[in-house]
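K.L.:
pasted the sequence and its predicted model underneath.
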Amino acid sequence: MERSLARRLGVLGVVATVVGALASAGPALATTTTQTISSAGPLTSLDVGNDLDCQVAYAGWPGGAFYPTESLGYVPATGDCGTFVSVGANVYGPDFDENYASGTGIALSTEPNYVPYTPGAQSAVTGAGTSASPYAVTSSAAAGATGIAVGESDRYVTGQTGFTTNITVTNTTGASVSGVLYRAVDCYLQGSDNGYGDIERDGAVACSSSANDTSGGPAEELDPITPGSHDAEGYYNDLWGDVDAQTNFPDTCDCTISEDNAIGLDWGFSLAANTSALYTVHTNFIATDISSSGTGSGSGSSSGQGNQRSRHKVRVTLRQLARHHRTRRLMSLPAGFTGERVRATLHGTGVRAATGTITY
């Protein structure tokens, strides 16, 4: 803990100076391109760069959901959100120098082993925004001359409070290649650059508005659908340093510390010649009901967002029951809670199976 604190204090002056310079530099001259999924919300826009970075606008939130929140007003609108791959001596990822500003340069994108992707083809937005036909953007990029290609499909269904990213890593060479795939974001949680953290037993990791997400308030979450991931939540500069180190995330969380935080997932891979592997991540958002505070316009009261808050309350309650080993407890579901499934995992000596019903 002391070593971690010393690291933070040691870079504090540099952080303040460099980030301030970047933020005041204004928009860059973009050579990368983006596609924007626009919808009725609650994700009103999802911007995806052809270099595999992104930004999200959530109904009622001021600015973007990822640092720098101001990037939504510029071209490209993307922020410190993206897909990275470590192969050989280098880490490959988005060209953050093309963005409005970035906090990755302190520990990642200005390091000698960081190489921007070579962007490939990117589709226009397709789909109708329904479950049967989600909005979708497909993008592709090459990790230099390594022979590793990264394809990405980002999908969104109107009314949902998150989007799905499918990442395909392909070895185009005639020999086996090993590396690490990362998905990471610098959180800007409902207008705040500071937050706490939480890690779920199923591997999901979140930036939250309370320690260990006990309040069930605003949160941003990376939920790994593909098993075998490692995770991290903590000070943003530490997380980008972990990516630059080209190792797995340490499976740690600064859960009870309020700080300028970020979250990430990774998977180690080993691909035989001319083979591919698919990895899937859900990026989820939980928001405060802005309309109930008397300061909002009512955009926070959409059925999708209300349902997500209800789902989040249920998850918090289940977590608390599990921590206290409580069984056969009645749980009241919030009004308006519809159409959701709840997953629970049992842990402990002698636990073999569980049955139960949630009726609504």
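P.N.:
Structure received.
K.L.:
strands along the stretch 51-200 of the chain, start to end?
P.N.:
53-58, 79-87, 90-93, 114-116, 118-122, 135-142, 148-156, 162-171, 177-186, 194-199 (DSSP state E, counting those that start in this stretch).
K.L.:
any idea of the pLDDT on A322?
P.N.:
Listed pLDDT for A322 reads 46.
K.L.:
oh sorry, the question was meant for A287
P.N.:
With respect to pLDDT, A287 has a value of 85.
K.L.:
how near is it to D95?
P.N.:
30 Å (Cβ to Cβ, to the nearest Å). From N, CA and C alone the C-beta is placed, and that goes for glycine too.
K.L.:
and the strands of the stretch 51-200 of the chain as JSON lines, adding distance to L222, mean pLDDT and mean neighbour count?
P.N.:
Putting the strands of the stretch 51-200 of the chain into JSON lines (distance: least, Cβ to Cβ, whole Å; pLDDT from 0 to 100; neighbours: other Cβ atoms under 10 Å) gives the following:
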{"stretch": "strand 53-58", "distance to L222": "12", "mean pLDDT": "97", "mean neighbour count": "28"}
{"stretch": "strand 79-87", "distance to L222": "10", "mean pLDDT": "98", "mean neighbour count": "27"}
{"stretch": "strand 90-93", "distance to L222": "16", "mean pLDDT": "98", "mean neighbour count": "24"}
{"stretch": "strand 114-116", "distance to L222": "21", "mean pLDDT": "97", "mean neighbour count": "19"}
{"stretch": "strand 118-122", "distance to L222": "22", "mean pLDDT": "96", "mean neighbour count": "16"}
{"stretch": "strand 135-142", "distance to L222": "18", "mean pLDDT": "98", "mean neighbour count": "22"}
{"stretch": "strand 148-156", "distance to L222": "14", "mean pLDDT": "98", "mean neighbour count": "22"}
{"stretch": "strand 162-171", "distance to L222": "9", "mean pLDDT": "98", "mean neighbour count": "20"}
{"stretch": "strand 177-186", "distance to L222": "6", "mean pLDDT": "98", "mean neighbour count": "23"}
{"stretch": "strand 194-199", "distance to L222": "10", "mean pLDDT": "96", "mean neighbour count": "23"}
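K.L.:
got those strands as CSV, with distance to L108 columns?
P.N.:
CSV is the format used below for these (distance: least, Cβ to Cβ, whole Å):
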stretch, distance to L108
strand 53-58, 13
strand 79-87, 9
strand 90-93, 7
strand 114-116, 6
strand 118-122, 18
strand 135-142, 17
strand 148-156, 17
strand 162-171, 19
strand 177-186, 9
strand 194-199, 20
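K.L.:
show me where pLDDT drops low in this structure?
P.N.:
Along the chain, the parts satisfying pLDDT under 70 run over 1-31, 289-360.
K.L.:
any idea where the helices of it begin and end?
P.N.:
In the chain, the helices defined using DSSP state H lie at 2-24, 236-244, 303-323.
K.L.:
now the second one, how far from the centre of its chain.
P.N.:
I take that to be helix 236-244. 14 Å (Cα atoms, centre = their mean, to the nearest Å).
K.L.:
restricting to C-alpha, output that helix in CSV.
P.N.:
The C-alpha coordinates for helix 236-244 follow below in CSV (Å, rounded to 0.1, in the frame of the first residue of the first chain):
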residue,chain,number,x,y,z
TYR,A,236,-6.1,5.9,-14.1
ASN,A,237,-2.3,6.4,-14.5
ASP,A,238,-1.6,3.1,-12.7
LEU,A,239,-4.0,1.2,-15.0
TRP,A,240,-2.4,2.6,-18.2
GLY,A,241,1.0,1.7,-16.7
ASP,A,242,-0.3,-1.9,-16.3
VAL,A,243,-1.2,-2.0,-20.0
ASP,A,244,2.2,-0.6,-20.9
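K.L.:
and that helix, what does it pack against?
P.N.:
helix 2-24, strand 79-87, strand 90-93, strand 177-186, strand 230-235, strand 259-271 (3 or more Cβ pairs under 8 Å, 6 or more residues apart in numbering; DSSP states H and E).
K.L.:
change it to 10 Å
P.N.:
helix 2-24, strand 79-87, strand 90-93, strand 114-116, strand 177-186, strand 230-235, strand 259-271 (3 or more Cβ pairs under 10 Å, 6 or more residues apart in numbering; DSSP states H and E).
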